[in-house]
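Enquirer: Attaching a predicted model along with its sequence, questions to come.
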Amino acid sequence: MTTLSERISQSAFDGSRLRVVLLLDLYDGAQNQFLQVYERLRNQVASVPGHISDELCQSIENPSQWLITSEWESAPRFLAWLNSEDHVASVQPLHGCVRDTRSLRFSVMRVTGNTPAPDRLASLAPAPAPRQGDGVVRHALTFTVKPGSESVVAELLAGYTSPQARVDDKTRLRRTSLFMHGNRVVRAVEVEGDLLAALRHVALQPEVRALEEAINPYLEQDRDLADPASARLFFTRAALPAVHHVAAGGPESANIRRHALFYPAKDGSGMALARLLADQDEAAVDDPESPIEASTVFQRDDFVVRLLDMRGPLAARPALALGVEGGHKAAVLARLLDSAKDGVPTTDLEISQFLARSEMRLITDRRTPVKD
């Protein structure tokens, strides 16, 4: 059985408050414009459910460097706003005065101080247990292509030349997995080190730029990669955050295969569906009889993608593979799924059928050698 000290885990569902740190580098002379934009933005964010407070700081060493910190009741509350069109619209004015940004997110583990403000005492939840990491950041992008172009896009995605994996002494690409479900593409990446540095590195590689230009005509959402604003908007909407990851830890077992499953949720139920699957996978990884060695749950709006590394085929344990083994989980899943998009599974046969419909088609799964 996997012990808690061995298990690799990251999660947005630990119940802790969230501290978001946004580092900004302003264009020269843009401070006044930035302050006007910030005033409008902070007033909008103040009314977002789950937002507690924010602070604006300016560097005492470099006046062009600014820092925004915000506190949230929980990571799911923040992610719900981050993934919304309201957020996309509200941050657009920042791009005219900000040269570069970097966003960091942290669970609040401990709070020190003699006299916390009264209005913050109620928000102090018990500290979550620290989680064991593996130095890997997981992220995904998703987008749709025009119906009828799926085979062409799949061929392009399967045949591109892999970019250089080494970014710098601290950062390297570890794995890229590409899947399709109908006309939806999901690209999941694993990065050792700095995710932002890796994404920027990949975007500059000629083989990747050639691939992106090749699939441009087939995208349902138009983009112009030569226009920074257009590219930024596309990739902002394409971001598919990892809300939960769990792995047994230790060396990988033999005969492990990577699978991906797509779950369409009812309106407003995406986060609840992701949490259900996360809870199932936490238990599965701890079970020595379970074929699941690792799981990553990605969620944005009302669709969820679950990446599984497991021994053997999905059909060998269909309920476990779907994330509904034991108890009344299938009934809960049925309440969260969008039945207008797919049938809801309740019987063993329906679970097997839904599993077959949910499995995404693997296009390519590329690992970087330990020495690159």
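Expert: Sure, I can see it. Numbers count the residues shown, from 1 in each chain.
Enquirer: residues making contact with stretch 149-161?
Expert: For stretch 149-161, contacts defined as Cβ atoms under 8 Å, 6 or more residues apart in numbering pick out 145, 178, 180, 182-183, 185, 207-208, 210-211, 214-215, 218, 361, 363-364. For glycine as for every other residue, the C-beta is placed from the backbone atoms N, C-alpha and C.
Enquirer: whoops, stretch 167-177 was the one
Expert: With contact meaning Cβ under 8 Å, 6+ apart, stretch 167-177 is reached by 136, 162-163, 165-166, 187-194, 197-198, 201-202, 258, 260, 307, 362, 364-368, 372.
Enquirer: give me that answer again for 7 Å
Expert: Here stretch 167-177 makes contact (Cβ atoms under 7 Å, 6 or more residues apart in numbering) with 136, 165-166, 187-194, 197-198, 201, 258, 365-368, 372.
Enquirer: got it, and stretch 295-304?
Expert: With Cβ under 7 Å, 6+ apart as the test, stretch 295-304 has contacts from 83, 138, 140, 240-246, 262-267, 269-271, 273-274, 277-278, 281, 305-308.
Enquirer: which of the residues you listed count as buried?
Expert: Neighbour-count burial (16 or more other Cβ atoms under 10 Å) is assigned, among the contacts of stretch 295-304, to 83, 138, 140, 240-246, 262-266, 269-271, 273-274, 277-278, 281, 305-308.
Enquirer: Tell me which of those residues fall in helices.
Expert: When DSSP state H is applied, the buried ones among the contacts of stretch 295-304 are split such that 270-271, 273-274, 277-278, 281 fall in helices.
Enquirer: from those, which single one is nearest residue 64?
Expert: Nearest to residue 64 among those: residue 271, at 36.6 Å, using Cβ to Cβ.
Enquirer: which residues sit in contact with the closest one?
Expert: Here residue 271 is in contact with 76, 80, 299 (Cβ under 7 Å, 6+ apart).
Enquirer: same question, residue 82
Expert: Neighbours of residue 82 in contact, by Cβ under 7 Å, 6+ apart: none.
Enquirer: ok so, going back, neighbour-wise, which one of the contacts of residue 271 leads?
Expert: Of all these, the highest neighbour tally under other Cβ atoms under 10 Å goes to residue 299, namely 30 neighbours.
Enquirer: For the nearest residue to it once chain neighbours are set aside, give me the pLDDT.
Expert: Spatially, and ignoring its direct neighbours in sequence, residue 299 is nearest to residue 274 (3.9 Å; Cβ to Cβ, 6 or more residues apart in numbering). In this model, residue 274 is scored at 96, pLDDT.
Enquirer: doesn't residue 243 make contact with residue 274?
Expert: Yes: using Cβ atoms under 7 Å, residue 274 makes contact with residue 243 at a distance of 5.2 Å.
Enquirer: one step back: narrow the contacts of residue 271 to those in helices?
Expert: Among those, the members found in helices (DSSP H) are 76, 80.
Enquirer: would CSV of the contacts of residue 271 with distance to residue 42 and pLDDT be doable?
Expert: As requested, the contacts of residue 271 are exported to CSV (distance: Cβ to Cβ, whole Å; pLDDT from 0 to 100):
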residue, distance to residue 42, pLDDT
76, 21, 94
80, 18, 93
299, 27, 96
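Enquirer: Include distance to residue 52 when you put the contacts of residue 271 into a markdown table, please.
Expert: What follows is those, written out as a markdown table (distance: Cβ to Cβ, whole Å):
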| residue | distance to residue 52 |
| --- | --- |
| 76 | 14 |
| 80 | 15 |
| 299 | 22 |
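Enquirer: where does the protein dip in pLDDT?
Expert: For the chain, the stretches flagged by pLDDT under 70 are 1-6, 114-128, 327, 339-344, 370-372.
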